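Student: structure, please.
(one chain, ligands or ions: 1)
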Amino acid sequence: HFDVLHFKESIDSTQLLAKSLINRTDEQFIVVALEQTAGRGRFNRPWASPKNNGLYISIVLKPDISLSEIIRFNLFMSLAISEALDQSFNIESGIKWPNDIYINDKKVCGFLTEVLSEDHHVTSIICGIGINLFDNDYLKSLGTATSIENESGKGNINIEHFLSTFISKIDEYYELFLSSSFDIIKKDWIERSIIFGKTIRITEMTRTYYGKPVDITDDGFLVVIDEEGETHKVISADIEL
Ligand code: BTN
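Tutor: Have a look, this model is predicted:
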């Protein structure tokens with residue numbers, strides 16, 4: 001349940017605005033923008049956010065949970081986002097663990113989960129989501145990205161309509177996250193995952209290796225068997241197909 005939605009035509013970053021508003025209220029809220037001049041992705045990478053090309057969203061939640069639950073939160077959000085995109089645009093998106101949504105092997109949406117905490121207890125979650133709605137030269141030049149327009153053939157996107165579907169999906173899965181373990185969505189999540197049965201390249205802090213994902217644990221670790229047959233439990237790495 002969200003109390004307020006802040007809508008901006010243009011902003012530095014919805015994450016920054018969300019963070020600056022967090023301590024002024026106990027409410028859960030959403031910031032939406034049509035352009036960002038200082039958008040950031042995971043690992044502080046720049047997130048190109050040109051006008052009329054994407055939708056840039058930050059969701060602020062205030063659950064009563066410990067820091068160790070955040071990975072599980074991320075799994076619920078990935079499913080919510082992928083389902084919302086499919087429902088709204090009649091596409092078939094998939095989850096590229098941990099933080100991307102793909103269509104036809106290309107990235108259409110990325111999200112990140114930032115957390116404020118005290119003594120290992122979460123005080124706020126700021127989940128930032130960037131969706132490529134329309135194609136542009138930059139996206140095309142990447143070769144690894146796509147847009148909703150490109151995949152759905154729809155040039156006419158009703159943002160208000162999408163936001164209402166999107167917000168109710170987030171709401172639904174957030175409530176489920178609060179009340180249930182990962183088990184309840186595991187089957188759906190695995191069905192949407194695009195990495196099982198494929199060889200992926202995993203980059204962790206200090207090493208890179210190849211392996212095949214075989215499972216995901218209830219606390220969100222990806223179980224991977226590497227080329228030597230050794231089993232790894234991977235958390236929040238960078239992976240490439
Ligand atoms: C990633 O794939 O690295 C995650 C990208 C997250 C981008 C979103 S856009 C809305 C919010 N504001 C930001 O500056 N970043 C996130």
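Student: pull up the residues of this structure that are close to the ligand.
Tutor: By the rule CB under 6 Å from any ligand atom, the part of the chain lying against the ligand is 13-15, 36, 39-42, 45, 47, 56-58, 99-100, 110-112, 128-130. Backbone N, C-alpha and C define where each C-beta goes, glycine included.
Student: ok, which stretches of this protein are helices?
Tutor: 14-22, 70-89, 137-142, 148-152, 159-179, 183-192 (DSSP state H).
Student: least reliable of the ones you listed going by mean pLDDT?
Tutor: Between the helices of the chain, the lowest average pLDDT goes to helix 137-142, which shows a mean of 88.
Student: residue contacts, Thr165?
Tutor: Neighbouring residues of Thr165 by CB atoms under 8 Å, 6 or more residues apart in numbering: 84, 87-88.
Student: buried among the residues you listed? Make that a PyMOL selection.
Tutor: Selecting only the buried entries of these in PyMOL, with 16 or more other CB atoms under 10 Å as the criterion:
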select buried, resi 84+88
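Student: quick check: of the contacts of Thr165, which lies closest to the ligand?
Tutor: Ala84 (15.0 Å; CB to the nearest ligand atom).
Student: from Asp86, how far out is the residue in the chain that the ligand sits nearest to?
Tutor: Residue of the chain nearest the ligand, by CB to the nearest ligand atom: Gly110 (2.1 Å). Between Gly110 and Asp86 the distance is 17 Å, computed by CB to CB, to the nearest Å.
Student: the more surrounded of these two?
Tutor: For the pair Gly110 and Asp86, the greater number of neighbours falls to Gly110 (21 against 18), based on other CB atoms under 10 Å.
Student: distance check, the more buried one against Ser10.
Tutor: Applying CB to CB, the value for Gly110 to Ser10 is 20 Å.
Student: same deal with Ile200?
Tutor: Note on Ile200: its distance to Ser10, by CB to CB, is 37 Å.
Student: more neighbours: these two, which one.
Tutor: For Ile200 versus Ser10, neighbours defined as other CB under 10 Å are more numerous around Ile200 (21 against 12).
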